[in-house]
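# let me see the structure of the following:
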Amino acid sequence: MNEDTARKRYFIMHLSRLVGAILAAFGMIGIAGKADMEPALAYVLLIAGVIGFLIVPRMLAKRWRSPPE
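The predicted model follows:
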């Protein structure tokens, strides 16, 4: 794998963490009642954010792992 591909994959993994954190934050704001949104939407945002923050980067890292030499 060349360096450019590795850099792009690293950026995508961290971008998924950032988006997950933002979604989780919006979900928590909605659950707290500080935003005008349905409670079901707030819980969906929170769950999607946690999945995007914790699970997606690990799945991508496992998928993109270099084969052992």
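# pLDDT weak spots in the chain?
For the chain, the stretches with pLDDT under 70 are 1, 69.
# need the contact list for the residue nearest in space to the middle of it.
In the chain, the residue lying closest to the centroid (CA atoms, centre = their mean) is residue 52, at 2.5 Å. With contact taken as CB atoms under 8 Å, 6 or more residues apart in numbering, residue 52 is in contact with 16, 17, 19, 20, 23, 24. Any C-beta I mention is one placed from the backbone N, CA and C, and that applies to glycine too.
# the last one contacts residue 44, correct?
Translated: residue 24. No - here residue 24 does not reach residue 44: they are 11.2 Å apart, not a contact under CB atoms under 8 Å.
# which one's more surrounded, those two?
Using other CB atoms under 10 Å as the criterion, residue 24 and residue 44 rank with residue 24 on top: 20 against 14.
# that one and residue 5: what is the separation?
Residue 24 sits 29 Å away from residue 5, going by CB to CB, to the nearest Å.
# scan this structure for its longest helix.
Longest helix of the chain, by residue count under DSSP state H: helix 3-32.
# only the buried residues of it, if you could.
Residues of helix 3-32 classed as buried by neighbour count (16 or more other CB atoms under 10 Å): 13, 16, 20, 23, 24, 26, 27, 30.
# not counting its neighbours along the chain, what's nearest the fourth one?
Put plainly, it is residue 23. Nearest non-adjacent residue to residue 23, counting by CB to CB, 6 or more residues apart in numbering: residue 49, 3.3 Å away.
# do the first one as well
Spatial nearest neighbour of residue 13, chain neighbours left out: residue 57 (4.5 Å); criterion: CB to CB, 6+ apart.
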